[in-house]
Each structure stands twice: as C-alpha cells, then as structure tokens.
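Asker: whatever this is, show me its structure:
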Amino acid sequence: MLYLLLAVCVAPVIASYTAYYLLPPAGRTNYGALVEPQRPLPALSLRRLDGTAVEAASLRGSWLMVQVDGGGCDAACAKKLWQMRQVRLTTGKDADRVGRVWLIVDEAPLTTS
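Answerer: This is a model prediction of the structure:
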C-alpha cells in the first residue's frame, strides 16, 4: 500500500519532467517583438522639456519606449503618454532600466498638465 501511495504521488512529477524535456511544445507565445535588425540612434540634438541639452549617449544601455508626436498634445497623445508610464511601472523593480522618450517633431508650445 505504501508503494502504491508513493507511485501515485511521484507519477505526476515524473510525467511533468518527461513532457518538459522530451516533448517540448511546438510554439511559444510572446507578447512583443524586438526590432531586428537593431537600428542605431541617429545624431539628434535632444533637449529636455526645460530646454537643457541631452546627450544621446546618455540613453545608451537602457530600453527605450519612444513616442514621436507633436508638441500640441491632444487627448490621444496624452493617453499614449499615460500608457507608456503605466507599462514602465509594470516592470516593477526593473523600472529604472526602461526609459521613456517623447520626440517632439515641431515647435508647438507644450502643455505639461
């Protein structure tokens, strides 16, 4: 009776290892795709919202979420910026590895409210 109880308890563990190592699933599900091939950041003159210059080299070494939009940020633009912030927060302790960049392509005055 003891051996039967042991077999019933150990059988699912052995079956799971067998299925994992000998019968791997055919496909994987990913929730995103990397850009391949990676493209280098072109030489840009970057500024912060307060007008101070930013070196493009300071962005190196972190993952970047980039939004390209105009300075007159409408409701759709504001929603995209909010979603970028929420996605960054979901990374938890790795949030400092993710940078958010808003490339403003015009000279429209900004509303940062």
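
Asker: direction included, what does the lowest-mean-pLDDT helix or strand in the chain pair up with?
Answerer: When the helices and strands of the chain are compared on mean pLDDT, DSSP states H and E, strand 46-47 comes out lowest with a mean of 83. Partner strands and pairing direction for strand 46-47 (DSSP bridges) are strand 53-54 (antiparallel).

Asker: quick one: mean pLDDT for the following helix or strand past the partner strand?
Answerer: Moving toward the C-terminus from strand 53-54, the next helix or strand (DSSP states H and E) is strand 63-69. The average pLDDT within strand 63-69 is 85.

Asker: relative to strand 63-69, how tilted is the very next helix or strand once past strand 63-69?
Answerer: Going down the chain from strand 63-69, the next helix or strand is helix 75-89, by DSSP H and E. Here helix 75-89 runs at an angle of 180 degrees relative to strand 63-69 (axes from the mean of the first three to the mean of the last three Cα atoms, to 10 degrees).

Asker: pull out the buried positions in helix 75-89.
Answerer: 84, 88 (16 or more other Cβ atoms under 10 Å). Yep, even glycine has a C-beta here, placed from its N, CA and C like the rest.
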